[in-house]
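Novice: A structural model of the following input is requested.
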Amino acid sequence: MEHKNFTPTHPGEVIKDELIARGISQKDFAAHIGVPYTMLNDILNERRPLSATVALFIESALGISADLLMGIQSDYTMQRARNDEKIKQKIRRVHPYTTVTATAV
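Specialist: Model (predicted):
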């Protein structure tokens, strides 16, 4: 399956936009959901992946589906890997695996 290069969306961007739209500060939100501010800030600034646990906290606090957020994270992770030149080079050297079945004599 061919995938075009595009810039994937990190779930932190979605969450950050939602916090801004609701007028919620990052520090207040981090305290509200019980995570360190630095962790939340790293997620919102795309320096850290969103974990399932934090996605569930966000779902509880904001009503944004944790499944949706984790789907965005998965898509982001896969597209970043697909766009990585080192990974592309290694993939070109990988060929389909076939099993040779020996017939019993």
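Novice: distance of residue 14 from residue 97?
Specialist: 37 Å (CB to CB, to the nearest Å). For the C-beta atoms, the positions are set from N, CA and C on the backbone; glycine is no exception.
Novice: repeat that for residue 49.
Specialist: Computed with CB to CB, the distance linking residue 49 and residue 97 is 29 Å.
Novice: so which of those two has more stuff around it?
Specialist: It is residue 49, of residue 49 and residue 97, that has more neighbours when counted by other CB atoms under 10 Å, with 17 against 5.
Novice: helix or strand: which one has the more buried one?
Specialist: Counting by DSSP states H and E, no helix or strand carries residue 49.
Novice: residue contacts, the closest residue to it other than its chain neighbours?
Specialist: The shortest distance from residue 49 to any non-neighbouring residue, by CB to CB, 6 or more residues apart in numbering, is to residue 73 (5.9 Å). Shown in contact with residue 73 (CB atoms under 8 Å, 6 or more residues apart in numbering): 10, 11, 49, 50, 55.
Novice: buried residues, the helix ranked longest in the chain. List them.
Specialist: In the chain, assigned by DSSP state H, the helix with the most residues is helix 66-83. For helix 66-83, the neighbour count (16 or more other CB atoms under 10 Å) marks 66, 69, 70, 72, 73, 76, 79 as buried.
Novice: which residues in this structure form helices?
Specialist: Applying DSSP H to the chain gives helices spanning 11-22, 26-33, 37-44, 52-62, 66-83, 85-93.
Novice: for the record, mean pLDDT for the fourth one?
Specialist: Predicted confidence along helix 52-62 averages 98 (mean pLDDT).
Novice: residues of it that come out buried?
Specialist: Within helix 52-62, the residues that qualify as buried are 54, 55, 57, 58, 59, 62, counting by 16+ other CB under 10 Å.
Novice: and the angle for the longest helix of the chain with helix 11-22?
Specialist: Going by axes from the mean of the first three to the mean of the last three CA atoms, to 10 degrees, helix 66-83 is angled at 130 degrees with respect to helix 11-22.
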